[in-house]
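Enquirer: quick one, fold the following:
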Amino acid sequence: MRGKEEIFRRRVERFQEELRKRDIDGAVIRTLSSFIYFTGTKWLRPSLLIPADGDPVVFVAKNEAEEFRRRSWIEDVREYQRVEDLMAGVVTWIHGNGMERVGLEFGFERDAYLAFLKIFQRLNPTIDIVDILDVTMSLRMVKDEWELENIRKAGRIAVKGMEVAEESIRPGVSELEVAAEIMRELMREGSEDPKVYVSTTPRAHAEPFRDLKVKENSVVTVVIGADYNHYYANMARTFIIGNPGRRVFEAIKVKEEAYKIAIEETRVGVPLNSVEKRLAQFFKEKGFENEYITGYTHGVGLLIEELPMPTIIVQTRAQKVVENMVLSIIHAPLMLPEGAIKHENTYIVKKDGLERVT
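Expert: Below you'll find the predicted structure:
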């Protein structure tokens, strides 16, 4: 397995402590990133059961148990052939342990389906279901040294991918072709699940299109999320092709100034919304208030974008910066008619400032 057993065992123990504080009897983990956090390995269609006291249980498909045990520290691994068997196993585990309050993550990623919640409620009508996303994310928000080293390695991979991006972008090449070259480099360097977004038009979230091509006198924005041992580093750059016009060059200059402000003001103990307000005022003063998309930062870890996530989850804008958080700065683009202007790097928060990763 990747990483020492005690790292993951301690995570489960801390999680169990939090469950007991909240009088929650156990948790059913279906989100992939939290599954990785506790088990130490990626496994699609995750099913991890963690009691408030006792050993965790994992359900995997028939004949997967041997490989799973090789990649994880968890000993109680049970196989199933039909999804009905899986659901029956979960129900048996809950009722067999006399549970009354069970935690589920009301998350925003693959396998955190509302459909699963509905099925779970139907099969367990007497069980009080509690949202535990705040519990898992509060643990994940502050990284340990093993996590930070993985993120540093991911950062080095991301930088190599961006070098390939610069080499690949030229008039006539499609967004998809640029993304393919970057993906190839990232995977060759050890990134198992890289994310690459390429935009030749003003799109804040730009999965590449095969029929959109780089034009003369334009801008191309590339966002890369490279992972190492499932931990991500995130970076973005805007590339200039020819002369796209005065407004673009003004936006790039303003974005660089804003980037410096964000780096200087993002410090331990500072609320994220105070930096956000400072940036909003700055863009207004520079004449770009209508182009700025709110949300200057977000967390990075087992997801390319995770809590704190002021870009999407507004209440996390009140979050104060904490040592060993990993943040992506500045996430939000300036949205011009010519394209999305971005400059983004991943940083580790330290007591005396920010450590740049990408």
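Enquirer: quick check, pLDDT for the residue nearest in space to the middle of the chain.
Expert: Compute the mean C-alpha point of the chain, and by Cα atoms, centre = their mean the closest residue is L303, 2.0 Å away. pLDDT, the model's per-residue confidence, is 95 for L303.
Enquirer: what of the one 5 residues further on?
Expert: On the pLDDT scale, P308 is placed at 90.
Enquirer: name the SS class of it, please.
Expert: Under DSSP: H, G, I helix; E, B strand; the rest coil, the three-state class of P308 is coil.
Enquirer: I figured it was touching V300, is that so?
Expert: No. P308 sits out of contact with V300 when judged by Cβ atoms under 8 Å, with a separation of 10.5 Å. For the C-beta atoms, the positions are set from N, CA and C on the backbone; glycine is no exception.
Enquirer: picking that back up, just give the closest residue to the residue nearest to the centre of the chain, not the sequence neighbours.
Expert: In space, and not counting its chain neighbours, L303 is closest to S33: 5.2 Å by Cβ to Cβ, 6 or more residues apart in numbering.
Enquirer: what do you get for V300?
Expert: For V300, the spatially nearest residue (Cβ to Cβ, 6+ apart) is V326, at 4.7 Å.
Enquirer: how close does that neighbour sit to V254?
Expert: 26 Å (Cβ to Cβ, to the nearest Å).
Enquirer: pick out whichever of those two has more residues nearby.
Expert: Set side by side, V326 and V254 show more neighbours around V326, with 27 against 20, by other Cβ atoms under 10 Å.
Enquirer: what bridges to S328?
Expert: The residues listed as beta-bridge partners of S328 by DSSP bridges are H298, T346.
Enquirer: and the helices in this protein?
Expert: Listed from the start of the chain, the chain has helices (DSSP state H) covering 5-21, 32-39, 65-71, 83-96, 114-123, 133-141, 145-168, 175-188, 246-265, 272-285.
Enquirer: elements contacting the last one?
Expert: Meaning helix 272-285. For helix 272-285, the helices and strands in contact under the criterion 3 or more Cβ pairs under 8 Å, 6 or more residues apart in numbering; DSSP states H and E are helix 246-265.
Enquirer: quick one, the helix it packs on and helix 272-285 angle?
Expert: Between the axes of helix 246-265 and helix 272-285, defined by axes from the mean of the first three to the mean of the last three Cα atoms, to 10 degrees, the angle is 150 degrees.
Enquirer: and helix 246-265, average pLDDT?
Expert: Mean pLDDT, taken over the full extent of helix 246-265, equals 96.
Enquirer: by contact count, what packs against that helix?
Expert: Other helices and strands packing on helix 246-265, by 3+ Cβ pairs under 8 Å, 6+ apart, are strand 231-241, helix 272-285, strand 326-329, strand 334-336, strand 339-341, strand 343-350.
Enquirer: what does it rub up against?
Expert: Judged by Cβ atoms under 8 Å, 6 or more residues apart in numbering, the contacts made with helix 246-265 from elsewhere in the structure are 219, 238, 240, 274-275, 278-279, 282-283, 286, 288, 291, 296-297, 329-330, 334, 336, 338-339, 341-343, 347, 354.
Enquirer: now do the buried residues in it.
Expert: For helix 246-265, burial by neighbour count (16 or more other Cβ atoms under 10 Å) applies to 247-248, 250-252, 254-255, 258-259, 261-263.
Enquirer: export it as PDB, just CAs?
Expert: Once side chains and other backbone atoms are set aside, the C-alpha atoms of helix 246-265 remain, and they are given as PDB (Å, rounded to 0.1, in the frame of the first residue of the first chain):
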ATOM      1  CA  ARG A 246      -5.200  46.100 -25.700                       C
ATOM      2  CA  ARG A 247      -7.900  45.000 -23.200                       C
ATOM      3  CA  VAL A 248      -6.400  41.500 -23.000                       C
ATOM      4  CA  PHE A 249      -3.000  42.900 -22.100                       C
ATOM      5  CA  GLU A 250      -4.600  45.200 -19.500                       C
ATOM      6  CA  ALA A 251      -6.400  42.200 -18.000                       C
ATOM      7  CA  ILE A 252      -3.200  40.200 -17.800                       C
ATOM      8  CA  LYS A 253      -1.400  43.000 -16.000                       C
ATOM      9  CA  VAL A 254      -4.300  43.600 -13.600                       C
ATOM     10  CA  LYS A 255      -4.500  39.900 -12.900                       C
ATOM     11  CA  GLU A 256      -0.800  39.800 -12.100                       C
ATOM     12  CA  GLU A 257      -1.200  42.600  -9.600                       C
ATOM     13  CA  ALA A 258      -4.200  40.900  -8.000                       C
ATOM     14  CA  TYR A 259      -2.300  37.700  -7.700                       C
ATOM     15  CA  LYS A 260       0.400  39.500  -5.700                       C
ATOM     16  CA  ILE A 261      -2.200  41.000  -3.400                       C
ATOM     17  CA  ALA A 262      -3.800  37.600  -2.800                       C
ATOM     18  CA  ILE A 263      -0.400  36.000  -2.000                       C
ATOM     19  CA  GLU A 264       0.500  38.800   0.400                       C
ATOM     20  CA  GLU A 265      -2.800  38.800   2.300                       C
END
